[in-house]
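Asks: Need a 3D model of the following:
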Amino acid sequence: MTGLGPRHDRKIGSLFLSHAGEDAEAAQRLGVSLRSAGLEVWLDVEKLQPGDMWQREISAALIKSDALILYVGRSGVAHWVDFELQIALDRAAKNRDFRIIPVLGPGSDPAALPEFARLFHWLDLRTPQPSPENLKSLLAAFLDVPPERVAVLPPARPPFVGLKAFDVEDAVVFFGREKETGDLLECLRRDALLLVVGDSGCGKSSLVRAGLMPCLFRGRFHDGSEWVNSWRMAITRPANDPFGELAESLPDLQPDNRFRAEQVASNRKLLAEGIDGIRDIVAGTVPAKVHTLLVVDQFEELFTSTEDAATKKRFVDCLLRAADLKGTRPIHVVMTLRADFYARCWDYPGLPARAVGNQYAVEGMRPEVLKTLVERPLSLAGAQAEAGLIQAILEEAGDQPGNLALLEHVLGELWRERRVNADVWITHEAYQRLGRLAGALRLKANDAMNHLPDDESRALARRIFVELTQLGEKSREDTKRRIATEDLLNAVGDRQRSRGVIDALASNRLITTGKEYTEVAHEILIRCWPELGEWLDAEREFAPVERRIMADAEQWKELARPSQ
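Replies: The predicted model follows:
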């Protein structure tokens with residue numbers, strides 16, 4: 001069912017992508033987009049090797065193809081493309097199912113099409129980055145079906161991400177934040193340090209990762225004198241060891257990670273003291289005239305998880321020192337911060353002056369924008385919702401920022417319950433069965449707990465969730481807490497059984513695990529899963545003495561007075 005929406009069984013073969021030599025790079029980008037939709041694309045610059053008899057290879061490829069895409073870029077149609085067109089025209093004359101589809105790329109002119117090519121319906125992809133909607137039109141022309149019934153997402157790519165935050169690779173299904181993304185680009189031009197602030201669950205991390213970062217990769221940033229097309233990027237989080245996290249993350253600035261272990265060790269030495277570590281690492285790994293973006297996600301972890309006050313201050317100073325647009329290697333630092341921790345910035349000299357001067361407040365989405373967040377990913381999947389269902393879901397979601405995560409979760413669950421190959425893929429019946437918006441998360445979490453094999457495993461799961469939560473101080477909400485998996489296993493006990501429980505919770509997407517760390521999938525679980533709230537309240541009341549002592553000591557250090 002590659003590339004097809006519901007109820008269409010035409011099989012897709014391959015596309016022959018014809019282009020002039022000068023347009024090879026643009027044609028390759030189009031080929032990548034088409035392959036991401038599950039299509040097979042034959043492209044000469046990828047298939048032909050030095051010494052190949054190119055005419056024979058091209059003829060064989062065209063005979064096996066189901067369509068010819070004639071890509072017309074800045075250089076028009078080169079004479080040597082005529083050879084491919086003659087074979088394609090011959091095929092089209094003998095086989096009515098064979099298609100010739102002229103495509104206009106950036107810098108092209110419709111007048112550049114050969115006279116016979118103008119007889120075919122041509123598609124306009126003259127934007128720098130072909131939009132999914134344009135690709136749907138291209139596929140619809142090839143498949144001879146309405147665009148709304150064409151899927152441009154790979155079969156394994158769901159249109160909704162569920163509980164996890166959107167990341168760079170999710171940009172194709174990230175909608176509704178176009179204005180905010182443009183605003184961030186302007187803020188990034190104004191100052192090298194940018195603070196992105198918002199309520200918990202409002203989508204700060206998603207906006208930076210799936211909105212801002214892909215735009216930078218696509219060359220949409222103007223530094224005041226020119227468009228910037230060369231970037232190196234890394235994402236880090238403070239957790240309980242901000243410099244250790246930095247050392248692990250900064251090797252992402254280098255495309256070649258064969259020597260990652262050595263890079264991490266070197267980074268640890270450079271970051272061990274002083275405040276020039278980030279600048280020194282960038283100087284040694286990033287080429288001149290290339291911009292660096294360092295994203296410090298969930299910056300509030302510096303306040304909630306990092307214990308040593310001197311480490312906190314040095315980390316902030318290191319970020320302030322690194323954020324600088326002067327010199328041959330400009331460094332941009334973007335930090336995401338929960339609004340209820342905003343006042344803590346004033347504990348660190350130098351941070352408020354720059355953060356206040358260049359900050360961006362992420363607000364909730366308007367209802368009409370939320371609608372695009374649901375409808376456009378569905379459209380990319382070639383699917384439809386039952387009449388009135390989207391409106392019903394959005395009315396329940398309202399305008400509370402934290403409900404974005406609930407919305408994405410229930411959409412992800414509806415997608416897993418979809419009716420494949422039906423006219424309507426997601427239904428009111430499935431929505432009711434899942435518990436609607438408010439109940440879907442609780443139903444899923446309790447179901448995962450109930451499917452654990454025994455009471456001992458469920459007790460371990462409760463302990464795991466408590467350990468993965470940072471209890472809030474006074475009026476502050478509880479927050480999620482990322483822990484090294486080995487430390488989590490040691491804290492919970494019964495390592496073999498606990499590892500099985502962690503795997504089960506991760507497979508149900510309630511927690512996430514990486515190479516080293518484990519954490520709750522989203523803070524919405526902490527706020528909207530009543531059973532977890534009860535466990536946390538019990539932990540607050542009967543917390544171990546050492547945990548209370550640590551919290552009191554931290555409060556005493558930061559407020560310069562003993563707790564009452």
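
Asks: give me the number of residues near residue 256?
Replies: 8 (other Cβ atoms under 10 Å). All C-beta spots, glycine's among them, are computed from the backbone N, C-alpha and C.

Asks: cool, and residue 376?
Replies: Residue 376: 17 neighbours (other Cβ under 10 Å).

Asks: Same question for residue 97.
Replies: Residue 97, neighbours per other Cβ under 10 Å, totals 11.

Asks: same deal with the one 3 residues further on?
Replies: A count of nearby residues for residue 100, using other Cβ under 10 Å, gives 21.

Asks: Need the CA coordinates for the strand or helix carrying it. PDB is fine.
Replies: Assigned by DSSP states H and E, residue 100 belongs to strand 99-104. Provided in PDB are the C-alpha atoms of strand 99-104 (Å, rounded to 0.1, in the frame of the first residue of the first chain):
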ATOM      1  CA  ARG A  99       3.000   8.700 -17.500                       C
ATOM      2  CA  ILE A 100       5.200  11.600 -18.300                       C
ATOM      3  CA  ILE A 101       5.000  14.300 -15.600                       C
ATOM      4  CA  PRO A 102       6.900  17.600 -16.100                       C
ATOM      5  CA  VAL A 103       7.900  19.200 -12.800                       C
ATOM      6  CA  LEU A 104       9.100  22.800 -12.500                       C
END
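
Asks: Name the next helix or strand downstream of it, please.
Replies: Assigned by DSSP H and E, the successor of strand 99-104 is strand 123-124.

Asks: can you tell me the average pLDDT over the helix or strand harbouring residue 270?
Replies: Assigning secondary structure by DSSP H and E places residue 270 in helix 260-271. Helix 260-271 carries an average pLDDT of 93.

Asks: And it, what's buried?
Replies: Buried residues in helix 260-271, counted by 16 or more other Cβ atoms under 10 Å: 263-264, 266-267, 270-271.

Asks: Packing partners of it?
Replies: Packed against helix 260-271 by the contact rule (3 or more Cβ pairs under 8 Å, 6 or more residues apart in numbering; DSSP states H and E) you find helix 242-249, helix 277-285.

Asks: Residue 85: what secondary structure?
Replies: Three-state call for residue 85 (DSSP: H, G, I helix; E, B strand; the rest coil): helix.

Asks: Run a quick check on it versus residue 70, I expect a contact.
Replies: Yes. The pair residue 85 / residue 70 is scored as a contact, 7.0 Å apart, by Cβ atoms under 8 Å.

Asks: burial of residue 29, as a residue count?
Replies: For residue 29, using other Cβ under 10 Å, the count is 15.

Asks: closest to residue 427 out of the helices and strands packed on helix 260-271?
Replies: Distance to residue 427, taken as Cβ to Cβ, is lowest for helix 242-249 among those, at 42.5 Å.

Asks: orientation of that closest one relative to helix 260-271 in degrees?
Replies: 150 degrees (axes from the mean of the first three to the mean of the last three Cα atoms, to 10 degrees).

Asks: List the neighbours of helix 242-249 that are in contact with it.
Replies: 234-239, 264, 267-268, 271-272, 277-278, 302, 306, 311-312, 314-315, 318 (Cβ atoms under 8 Å, 6 or more residues apart in numbering).

Asks: for stretch 288-299, same thing?
Replies: Residues contacting stretch 288-299 (Cβ under 8 Å, 6+ apart): 195, 205, 208-209, 213, 216, 221, 223, 228, 230-238, 250, 253, 278, 282, 286, 319, 322, 328-338, 341.

Asks: let's go with 6 Å and repeat that
Replies: Stretch 288-299 has contacts (Cβ atoms under 6 Å, 6 or more residues apart in numbering) with 205, 208, 228, 230-237, 282, 286, 328, 330-337.

Asks: How about stretch 435-450?
Replies: 396, 406, 409-410, 413, 434, 458, 461, 508, 510, 528-529.

Asks: Swap in 7 Å and give it another go.
Replies: Outside stretch 435-450, the residues within contact range by Cβ atoms under 7 Å, 6 or more residues apart in numbering are 393, 396-397, 406-407, 409-410, 413, 434, 458, 461, 505, 508, 510, 524-525, 528-531.

Asks: could I get stretch 224-244 in PDB with only the CA atoms?
Replies: Written as PDB, here are the backbone C-alpha positions of stretch 224-244 (Å, rounded to 0.1, in the frame of the first residue of the first chain):
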ATOM      1  CA  GLY A 224      21.500  40.400   8.600                       C
ATOM      2  CA  SER A 225      24.000  40.200   5.700                       C
ATOM      3  CA  GLU A 226      23.400  36.800   4.100                       C
ATOM      4  CA  TRP A 227      21.400  33.600   4.200                       C
ATOM      5  CA  VAL A 228      23.200  30.900   6.400                       C
ATOM      6  CA  ASN A 229      23.200  27.400   4.900                       C
ATOM      7  CA  SER A 230      25.900  25.700   6.900                       C
ATOM      8  CA  TRP A 231      25.000  24.600  10.400                       C
ATOM      9  CA  ARG A 232      26.200  22.200  13.100                       C
ATOM     10  CA  MET A 233      23.800  21.400  15.900                       C
ATOM     11  CA  ALA A 234      23.700  19.600  19.200                       C
ATOM     12  CA  ILE A 235      21.000  19.100  21.900                       C
ATOM     13  CA  THR A 236      21.700  18.700  25.600                       C
ATOM     14  CA  ARG A 237      19.900  18.700  28.900                       C
ATOM     15  CA  PRO A 238      21.300  19.600  32.300                       C
ATOM     16  CA  ALA A 239      19.900  16.600  34.300                       C
ATOM     17  CA  ASN A 240      22.100  16.000  37.400                       C
ATOM     18  CA  ASP A 241      25.400  16.400  35.600                       C
ATOM     19  CA  PRO A 242      25.200  19.300  33.100                       C
ATOM     20  CA  PHE A 243      28.800  19.100  32.000                       C
ATOM     21  CA  GLY A 244      28.700  15.400  31.600                       C
END
